[in-house]
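*Asks:* pasting the sequence and the predicted model now:
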Number of protein chains: 2
Amino acid sequence: MSGLQKAKSEETRRRVLEAAVAAVEAGGMEAVNIRNIAKEAGYSVGSVYKHFADQDALLIAVNSVTLGRIREIMGEVVEGTQDPLAQLRALAHAYLAFAQENKNLWTTLFGHHLPDGKPVPEWHIQENIALLAFIAGPLKALNPGLAGEALEDRTRTCFSAVHGLVTISLETRFISLTGARLKGEMDYLVERLAG
Amino acid sequence: MSGLQKAKSEETRRRVLEAAVAAVEAGGMEAVNIRNIAKEAGYSVGSVYKHFADQDALLIAVNSVTLGRIREIMGEVVEGTQDPLAQLRALAHAYLAFAQENKNLWTTLFGHHLPDGKPVPEWHIQENIALLAFIAGPLKALNPGLAGEALEDRTRTCFSAVHGLVTISLETRFISLTGARLKGEMDYLVERLAG
DNA sequence: CCTAAAAGTGAACGATGTTCACCATTTGAC
DNA sequence: GTCAAATGGTGAACATCGTTCACTTTTAGG
């Protein structure tokens, strides 16, 4: 396969994925309707399936885009701060801000699950784990004694705790905090766990 | 409406809900298929709709059962422990254990979301918030200075952090910790946040 | 009894994910 | 340039859902 066909194929995949991302942004996971997405992208139903095995694969691709955006934001945050504790605080706030400003993308990222027996692709697992690297750095700087498995575990714990705060704050089921108080609790959390 | 009809109605509702809980336990949220549940309960499709407005209402009823079980376990834990910090530790471990042993019920509880515009019933919000009361007590005992909104906020933060640890530990997307190390991180989390 | 209300039924409708037989375009060898 | 194989693209058709509703059966109470 050379030039023209490859370009066409990539373009189609890109347009379909764009339409899927737009659909999720507009209406969440449930808005990913193959017929609508095919129409929005300007293709037929069958073409979608030439590029994505099924709806799950399309949603994983959307989640991959979301993870890319989060990674980019986290990278900027780490670059723009020097003090390790301030970095962790800023990372947590950036994570919260992204979730609030991209609620549908964020809930899709963590709300979509494959049926039993369908394993998550290894490359997607790595994309997720990559987020932890931003935390491990400053955490190690604050706790030079931490290393190896202990550092990995603590990193995951810090991420999970912040993730939980963000999750519950977006949950209508629990009445959530207002902005300022939530940010305060986030700082408390980070300072307690990172020190 | 008297005796016989009321009994029949309650029995039907109970059997349908039982079938729905069993379906979730066996296959998660996606296994809640109205036709299957009607068959399992021994009724027709239409009868299900006489007792539950729609699939969402049925799932909320299932989640209500799940919350009841969690509440019961948490109550026993608090009763069986005296030291406030030990209570918080035990609550966190009980929460984790429930999630691990009832993965499908737990992921349904937090994975099911109503479509935009459909508000969560007030009684169900209260059921969720009720879990926080178990935490607020010991937390106040450990921090007598905490009261009012500050205590509420801190309670929610502690719950959220533990909830996050449990969530991520069940996520195939992130490779999760093994039992002992996870429990260790849970203790670290509780001790840092509660003190 | 007898009629109104409530419980229970299941065919039918529309929406959805997925498949596949088919046409159109591109490719590379001759 | 020609042509057969490969690839891109199509949309009707199928199976499976949630949901509705006209209908039958059962219960209530005078």
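*Replies:* Happy to help now that I have it. Numbering: from 1, shown residues only, chains lettered A, B, ... in the order given.

*Asks:* get me the contact residues on chain A for DNA strand D.
*Replies:* A:1, A:5-6, A:8-9, A:12, A:43-47, A:49-50 (CB under 7 Å from any atom of the strand). C-beta here means a position set from N, CA and C on the backbone, and glycine is covered the same way.

*Asks:* just the buried members of these?
*Replies:* Buried members of the residues of chain A next to DNA strand D, counted by 16 or more other CB atoms under 10 Å in any protein chain shown: A:12, A:43, A:47, A:49.

*Asks:* show me which of the residues you listed neighbour DNA strand C.
*Replies:* Near DNA strand C, by the rule CB under 7 Å from any atom of the strand, you find A:Tyr49 out of those.

*Asks:* just give me the closest of the buried ones among the residues of chain A next to DNA strand D to B:Leu132.
*Replies:* Closest approach to B:Leu132 among these (CB to CB): A:Tyr49, at 45.8 Å.

*Asks:* give the contact list for the residue positioned nearest the centre of chain A.
*Replies:* Nearest residue to the geometric centre of chain A (CA atoms, centre = their mean): A:Leu67, 3.7 Å. The contact partners of A:Leu67, by CB atoms under 8 Å, 6 or more residues apart in numbering or on different chains, come to A:109, A:127-128, A:130-131.

*Asks:* helix, strand, or coil at it?
*Replies:* Taking DSSP: H, G, I helix; E, B strand; the rest coil as the rule, one finds A:Leu67 in the helix state.

*Asks:* could you check how far it is from A:Thr167?
*Replies:* Using CB to CB, to the nearest Å, A:Leu67 is found at 16 Å from A:Thr167.

*Asks:* A:Ala19 now?
*Replies:* 28 Å.

*Asks:* also A:Ala150?
*Replies:* To A:Thr167, A:Ala150 is 25 Å away according to CB to CB.

*Asks:* which of these two has more residues huddled nearby?
*Replies:* A side-by-side neighbour count of A:Ala150 and A:Thr167, using other CB atoms under 10 Å in any protein chain shown, places A:Thr167 first with 21 against 14.

*Asks:* report the secondary structure element holding that one.
*Replies:* Assigned by DSSP states H and E, A:Thr167 falls within helix A:148-170.

*Asks:* let me know the angle separating that helix from helix B:148-170.
*Replies:* Inter-element angle recorded for helix A:148-170 and helix B:148-170: 120 degrees (by axes from the mean of the first three to the mean of the last three CA atoms, to 10 degrees).

*Asks:* list the buried residues of the lowest-mean-pLDDT helix or strand in chain A.
*Replies:* Here the helix or strand of chain A ranked lowest by mean pLDDT, DSSP states H and E is helix A:3-27, holding a mean of 91. For helix A:3-27, burial by neighbour count (16+ other CB under 10 Å) applies to A:12-13, A:15-17, A:19-21, A:23-25.

*Asks:* cool, and stretch A:183-195?
*Replies:* A:183, A:185-186, A:189-190, A:192-194.

*Asks:* that one close to chain B?
*Replies:* Yes - under the criterion of CB under 8 Å from any CB of the partner chain, chain B is reached by stretch A:183-195 at A:184-185, A:188-189, A:192-193.

*Asks:* same question for that stretch, mean pLDDT?
*Replies:* Across stretch A:183-195, pLDDT averages out at 96.

*Asks:* repeat for stretch A:67-80
*Replies:* Mean per-residue pLDDT for stretch A:67-80: 97.

*Asks:* which of the contacts of A:Leu67 fall within strands?
*Replies:* In strands, judged by DSSP state E, none of those are found.

*Asks:* whichever of those end up buried, select them in PyMOL.
*Replies:* Restricted to buried positions by 16+ other CB under 10 Å, the PyMOL selection for these reads:
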select buried, chain A and resi 109+127+128+131
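
*Asks:* how about the nearest residue to the residue in chain A that chain B sits nearest to, chain neighbours excluded?
*Replies:* Nearest to chain B, among the residues of chain A, is A:Gly164, at 2.0 Å (CB to the nearest CB). Nearest residue to A:Gly164, sequence neighbours excluded (CB to CB, 6 or more residues apart in numbering or on different chains): B:Gly164, at 2.0 Å.

*Asks:* tell me the contacts of A:Val62?
*Replies:* Contacts of A:Val62 by CB under 8 Å, 6+ apart are A:17, A:20-21, A:24, A:32, A:105, A:108.

*Asks:* let's see 10 Å
*Replies:* By CB atoms under 10 Å, 6 or more residues apart in numbering or on different chains, the contact list for A:Val62 reads A:17-18, A:20-25, A:29, A:32, A:105, A:108-109, A:112.

*Asks:* quick check, nearest of those residues to DNA strand C?
*Replies:* The closest of these to DNA strand C turns out to be A:Val32 (CB to the nearest atom of the strand; 5.9 Å).

*Asks:* am I right that the closest one is in contact with A:Ala20?
*Replies:* Yes - shown here, A:Val32 and A:Ala20 form a contact pair, counting by CB atoms under 10 Å, at 5.8 Å.

*Asks:* joint contacts of the two?
*Replies:* Here A:Val32 and A:Ala20 have A:55, A:58-59, A:62 as joint contacts, going by CB under 10 Å, 6+ apart.
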